[in-house]
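1. Predicted model follows, preceded by the sequence.
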Amino acid sequence: MAGATVIRAGDSEAQGRAKRPAWRVYLTGGLRRRFNQVFPTHWSQLIAGITTASLVVLILTGGYLALYFDPSMASVRYDGPYDNLRGVEMTRAYASVLHICFEVRGGLLIRQIHDWAASLLVASLLVHLAVLFFTGGFRRSHHLLWTVTVLLLIVGIFTAFTGVLLGADMLSDTSLRMISGYILSVPVVGIWLHWTVFGGEFPGTEVIPRVYAAHWVLIAILVGLLVLRAALQRRVGPAQFRGRGRTERNIVGVRMVPGFAARLTAIFLATIGVLALMGGLFQINPSWNYGPGNPAHVSAGSAPPWYFGWVDGAVRLFPAWEVHLGDYVIPPSFWPSMVFLPLSFLALALYPRLEQRFTHDHVPHNLLQRPRDVPWRTALGVAVVACYGCLQLAAAIDVLAFHFDLSADTMLWTARVGLLTLPPLAFLTTYRLCLGLRLHDREVLEHGIPTGIIKRLPHGEFVEAHQPLASPAALEYHGTPVPKKANKVGAAGRPVVGSSSARTHPTEPDRNSGRNGEPAR
């Protein structure tokens, strides 16, 4: 027909895009790229879901508790339903805690869920850092991610600890007294720092309101760091283990929607459910048993939370050495508390730079390493875990001595000897174990998999038959798991289609990869 206009499919699509608003094109394009982002299927990628769920529960339960908590150190006489403390003088903060536990509907459950969520948040961050350390997930292009995760751990620890201090009971008051002693141990400026924090002599009348304000500020910082880490993760991409089709420039796994999002949602909801069960079934921090805080009293067997136990253990094990500098005296508690604590966090944050300087490895890495392939790093990590484990146990010396009828002095010196001997022993043992595992992998690649079949040679020698993995030359080790059993290489036959162990046919596109069977990028 004369005058008719022919519109191709591509032209109509271009005209459709031209008619859309710019913000809509930008938004849909960003969402499409986000939904198509690929994540590895390793279990360590799901730790972020546990951390996020713990933080969400922490914020929701904390907001509910804040409706009934009174961060005041004014003195009142308790007249609530708990008979053992009726008529006792206490602070308004502690009275409000008892009110939440015994009078607010669901208050005790919410409070215990809140405490368990704080502990799980710190534990998930520790596990995540351990996975990154032992697999080399902190190397170049992931340095900033490691630093932000370390900051998350530091802020998470202080967030949980300030929440414990708000209880205003005897145990929280003992922890405050320990902090007071640590601050006073700082030479020259210790008294002024103590006055700044407590507003006067211990315990003062202002420390609980200040801790309450710091607690919410730390939660806000925690949320900001978690969002920053998610943005950095999106920019540099997740690291992955070595395997078929995986290189330094691609990612093989499942797409964000629906695969990875479904797994992340499942672990998110499961974490919330587990926290609810723990809050209902397992008691934590029973403040009514401790009684109100009193500067003249200390609860027997009192100890800091588990994530700060290593500091108390270091204070207990450090020798009673005083340093005299003219008219000033540096007490023994200064070195393990005010020096060892910040140096530990600083060494953790700077470790990627130190290793890069030591190994001269300046190449970006997206592939993770097996712990056995870097034996000195794995041995160092196990030695550090052994060291801090000794300090953690040392914080509970008096409790262990009481329950197991042991001498506290004997346990103290045993812990000191263990602190000096166990880390080097753990380092040597782990190093030799990693070397043995590497040697075993290479033996399997060279000689084959042991089959358990014993045969006799013509001259009478008995040997075990091996199934070779390649012929005629041996395979090279590429940092991936080596099969150790015959059924892992198809000796038991191919699985039936539809069974749980059946895999995608090699000629078909892999569901964990991109289009046409190529690794998703």
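-> Yep, it's here. Numbering: from 1, shown residues only.
2. State the helix or strand in which the most centrally placed residue in the chain lies.
-> Centroid-nearest residue in the chain: Leu125, 1.8 Å away (criterion: Cα atoms, centre = their mean). According to DSSP states H and E, Leu125 maps onto helix 107-135.
3. doesn't Gly389 make contact with Gly418?
-> No - the pair Gly418 / Gly389 is not scored as a contact, 9.3 Å apart, by Cβ atoms under 8 Å. Bear in mind the C-beta positions are built from the backbone N, C-alpha and C, glycine included.
4. Need the distance between the two termini of stretch 40-48.
-> One end of stretch 40-48 to the other measures 13 Å (Cα to Cα, to the nearest Å).
5. how about that stretch: buried residues?
-> Neighbour counts over stretch 40-48 (16 or more other Cβ atoms under 10 Å) mark 40-42, 44-48 as buried.
6. Same question for stretch 73-86.
-> For stretch 73-86, a neighbour-count test (16+ other Cβ under 10 Å) marks 73, 76, 78, 85 as buried.
7. if I've got this straight, the second one is in a helix?
-> If I follow you right, that is Val76. No - under DSSP: H, G, I helix; E, B strand; the rest coil, Val76 falls outside any helix and is assigned strand.
8. if I pick it, what's in contact with it?
-> Each residue near Val76 by Cβ atoms under 8 Å, 6 or more residues apart in numbering is listed here: 89-92, 95.
9. per-residue pLDDT, it?
-> Val76 is assigned 93 on the pLDDT scale.
10. Low-confidence ranges, the stretch 51-200 of the chain, go.
-> Within the stretch 51-200 of the chain, no range satisfies pLDDT under 70.
11. what about the helices in it?
-> 92-102, 107-135, 143-165, 170-184, 190-198 (DSSP state H, counting those that start in this stretch).
12. Same list (the contacts of Val76) but as CSV, adding distance to Ala276 and neighbour count.
-> Converted to CSV, the contacts of Val76 look like this (distance: Cβ to Cβ, whole Å; neighbours: other Cβ atoms under 10 Å):
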residue, distance to Ala276, neighbour count
Glu89, 36, 11
Met90, 30, 21
Thr91, 30, 23
Arg92, 29, 18
Ala95, 27, 23
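13. So of the residues you listed, which two are at opposite extremes in space?
-> The two members of the contacts of Val76 with the most space between them (Cβ to Cβ) are Glu89 and Arg92, at 11.3 Å.
14. Now for the two: what residues contact both?
-> Taking Cβ under 8 Å, 6+ apart as the contact rule, Glu89 and Arg92 both touch 75-76.
15. mind checking the longest strand of this protein?
-> As assigned by DSSP state E, the longest strand anywhere in the chain is strand 449-456.
16. next SSE after that one?
-> Once strand 449-456 ends, the next helix or strand along the chain (criterion: DSSP H and E) is strand 462-467.
17. Just checking: what are the partner strands of that next one?
-> strand 449-456 (antiparallel) (DSSP bridges).
18. So which bits of the strand it pairs with are buried?
-> Buried residues in strand 449-456, counted by 16+ other Cβ under 10 Å: Ile449.
19. how close does the residue lying closest to Trp116 once chain neighbours are set aside get to Leu422?
-> Residue nearest to Trp116 in three dimensions, not counting chain neighbours: Met278, with 4.6 Å by Cβ to Cβ, 6 or more residues apart in numbering. Distance from Met278 to Leu422, counting by Cβ to Cβ, to the nearest Å: 31 Å.
20. Make sure Gly479 is actually in contact with Arg242.
-> Yes - judged on Cβ under 8 Å, Gly479 makes contact with Arg242 at a distance of 4.6 Å.
21. Show me whatever sits in contact with both of these two.
-> When contacts are counted by Cβ under 8 Å, 6+ apart, Gly479 and Arg242 are jointly contacted by 367, 370.
22. ok so, going back, now do the longest strand of the chain: everything it contacts.
-> 462-467, 469, 483-486, 488-489.
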